[in-house]
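Trainee: need a structure here:
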Amino acid sequence: MTVSKSLLIVSLLSATCAVLQAQFDGMTVFPLTGISYPGQITEGPDKALWFGTGGSAIGRMTAAGVVTEYGYAATSASGGITVGPDGALWFTIGSGEIGRITTEGVITTYPVPTANSQPDFIAAGSDGALWFTETGANQIGRITTAGLFTEYPLPSTNNSPTGITAGPDGALWFIYNYQPAIGRITTSGSVTEYTLPYTIGFPVAITAGPDGALWFPTDLDVGLVGRITTTGIISQYSAPHLSGNSITSGPDGALWLAGYTGNVGRMTTSGAFTQYPVPATLVPWAITAGPGGDLWFTELPGTQGSGDISRALACGLGLNVSYADGSVTMSFDLSVMTDATWSAWLVTGNGETVLWSKPIHATHPPHPFTFTRRVPAEGNYESRSCPGSGNQQRRQHRCYRSCLQRL
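Mentor: Alright, predicted model coming up:
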């Protein structure tokens, strides 16, 4: 293993963009029975959601909310979970094992060679293997789909690597739990470390963004999101009041974050931030893009005493609706990075009617639009997602949806 110490660090403090409060339009909560601590979550090759739990089990949820739980022999909880190149789900077990589960629920476990390794997060690498962090051993581990291990000690000691993701450069990027730093390891085991400016704080999760860079929320109390290019250039963006714990690339070309303090945040690649409160009983923990272009996030037990999984439409968040006296009023508060069309439909048994369709030019920072239109007072209506998204949600009561369609 070779270690590169060449650091390319530029700290750029972005101008704070407007931060707008918004309400969820189209969030569905699926309460879990007997699973009190749903953890990391990902979409499987079977278009279901797979997630770790606080017990010795892996959970599976269909897009309709049907849950199946698969137990394994180890006594420790699972941690990270990802889709492997073999079409199975691979996950970490804190007591020192890597697990593999097929979409039919068949589980195989592999003990990590190093004792007390405490594997945490896991990601599929560009080399066809799975890469994972060893929080207890200060190492990065690699396991082939045949179960063969390689382990790489990290140059900095006692820093407990946690989150890991595959980068667009073919390397794996990871974060440290006890050091304000981002690490990069090639598939041949060469490590580079990038120290973060003190003003950013400690990273808590990491993902590859739609812009070819890596994005990471920082300390739960700081309210900042960091960005690092594959050459090590670092910048930071304000996310006030968000205690980000998880981050994912959304279907709308933005970054989405689960906030431990009860909200979900959306950040564009230029740093425009919007946050959406969730019901007070929910504690968002991990977030992922899932089937149909929706966002799915796990929630730890709040005042209701059990964990949940929620689905939110990325097309529809920030597009708020109210109905009174025969009129529907819709407000729009997202930042649009390219010219787009904002459309809304009224759908009845006799067909659909376009309420309005209007162009919106690129707006940054975000600012609100409001539009009101008289509509029929009677009839059943259907909410709709963006054309071509493959996702429709039927309701038996009056309901409206507006969506953003990129040109």
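Trainee: if I look at G44, how far off is D211?
Mentor: Counting by CB to CB, to the nearest Å, the gap from G44 to D211 is 26 Å. Glycine gets a C-beta too; all of them are placed from N, C-alpha and C.
Trainee: neighbour count winner among those two?
Mentor: G44 (22 against 16; other CB atoms under 10 Å).
Trainee: For the more buried one, which residues are in contact?
Mentor: 50, 60, 83, 89, 103 (CB atoms under 8 Å, 6 or more residues apart in numbering).
Trainee: how about the first one, secondary structure?
Mentor: Going by DSSP: H, G, I helix; E, B strand; the rest coil, the secondary structure assigned to W50 is strand.
Trainee: And it, how close does it get to G71?
Mentor: 14 Å.
Trainee: The fourth one too?
Mentor: Taking CB to CB as the measure, L89 and G71 are separated by 15 Å.
Trainee: Same check on the second one?
Mentor: Using CB to CB, we find R60 at a distance of 12 Å from G71.
Trainee: next one: the third one
Mentor: Distance, V83 to G71, by CB to CB: 21 Å.
Trainee: These two: which has the busier surroundings?
Mentor: Between V83 and G71, counted using other CB under 10 Å, V83 has the larger neighbour count: 18 against 12.
Trainee: mind checking how far that one is from K47?
Mentor: Distance from V83 to K47, by CB to CB: 11 Å.
Trainee: lowest-confidence helix or strand of this structure?
Mentor: strand 11-13 (a mean of 22; mean pLDDT, DSSP states H and E).
Trainee: Just list the residues touching T144, thanks.
Mentor: 128-130.
Trainee: give me that answer again for 7 Å
Mentor: A129 (CB atoms under 7 Å, 6 or more residues apart in numbering).
Trainee: again with G259
Mentor: Per CB under 7 Å, 6+ apart, neighbours of G259: 242-245, 265, 284.
Trainee: Give me the number of neighbouring residues for the nearest residue to it once chain neighbours are set aside.
Mentor: Closest residue in space to G259, ignoring its immediate chain neighbours: L242 at 4.6 Å, by CB to CB, 6 or more residues apart in numbering. Using other CB under 10 Å as the criterion, L242 is surrounded by 25 other residues.
Trainee: Likewise for T195?
Mentor: Count around T195 with other CB under 10 Å applied: 15.
Trainee: Let's verify G183: helix, strand, or coil?
Mentor: strand.
Trainee: In the sheet, which residues pair with the closest residue in space to it that isn't next to it in sequence? Tell me.
Mentor: Leaving aside its sequence neighbours, G183 sits nearest to F174 (CB to CB, 6+ apart; 4.7 Å). Beta-bridge pairing for F174 (DSSP bridges): I164, G183.
Trainee: Wait, F174 touches G167, no?
Mentor: No. F174 is not in contact with G167 according to CB atoms under 7 Å; the separation is 9.9 Å.
Trainee: how close does G44 sit to L172?
Mentor: For G44, the distance to L172 - CB to CB - is 21 Å.
Trainee: correction: A208
Mentor: Counting by CB to CB - A208 and L172 are separated by 10 Å.
Trainee: Nearest to M27 among the contacts of G259?
Mentor: P284 (11.0 Å; CB to CB).
Trainee: what residues are up against the closest one?
Mentor: So P284 contacts 258-259, 264, 278, 297, 299 (CB under 7 Å, 6+ apart).
Trainee: Quick check: it vs Y260, distance?
Mentor: Taking CB to CB, one finds P284 at 7 Å from Y260.
Trainee: what about P301, how many neighbours?
Mentor: 17.
Trainee: confidence score at it?
Mentor: What the model reports as pLDDT for P301 is 74.
Trainee: So it is in contact with S36, correct?
Mentor: Yes. At 5.4 Å, P301 and S36 qualify as touching, with contact defined as CB under 7 Å.
Trainee: Now for the two: what residues contact both?
Mentor: With CB under 7 Å, 6+ apart, P301 and S36 have common neighbours G307.
Trainee: Now rank the contacts of P284 by neighbours and give me the top one.
Mentor: That'd be A258 among these, by other CB under 10 Å, with 29 neighbours.
Trainee: Now that residue: which helix or strand?
Mentor: Assessed by DSSP states H and E, A258 sits inside strand 255-259.
Trainee: and the next helix or strand after that strand, what does it pack onto?
Mentor: Per DSSP H and E, the first helix or strand lying C-terminal to strand 255-259 is strand 263-267. Judged by 3 or more CB pairs under 7 Å, 6 or more residues apart in numbering; DSSP states H and E, strand 263-267 is in contact with strand 255-259, strand 273-277.
Trainee: rewinding a little: closest to P111 among the contacts of G259?
Mentor: Nearest member of the contacts of G259 to P111, counting by CB to CB, is N245, at 28.8 Å.
Trainee: you'd agree I122 is up against A129?
Mentor: No. Counting by CB under 7 Å, I122 does not reach A129; the two are 10.7 Å apart.
Trainee: the more surrounded of the two?
Mentor: More crowded of I122 and A129, by other CB under 10 Å: I122, with 27 against 20.
Trainee: Give the full set of residues in contact with the more buried one.
Mentor: Per CB under 7 Å, 6+ apart, neighbours of I122: 80-82, 90-92, 130-132, 164.
Trainee: and the gap between it and F132?
Mentor: 4 Å.
Trainee: now swap in L196 and tell me
Mentor: 22 Å.
Trainee: who has more neighbours, the two?
Mentor: F132 (30 against 23).
Trainee: Identify the bridge partners of that one.
Mentor: I122, G141.
Trainee: show me what contacts it?
Mentor: Per CB under 7 Å, 6+ apart, neighbours of F132: 80, 92, 98, 119, 121-122, 141, 164.
Trainee: which one of the residues you listed is nearest Y110?
Mentor: I98 (4.8 Å).
Trainee: so V225 touches S238, yeah?
Mentor: No. V225 lies out of contact with S238 (CB under 7 Å); the separation is 8.0 Å.
Trainee: more neighbours, the two?
Mentor: Taking neighbours as other CB under 10 Å, V225 and S238 compare with V225 leading, 26 against 18.
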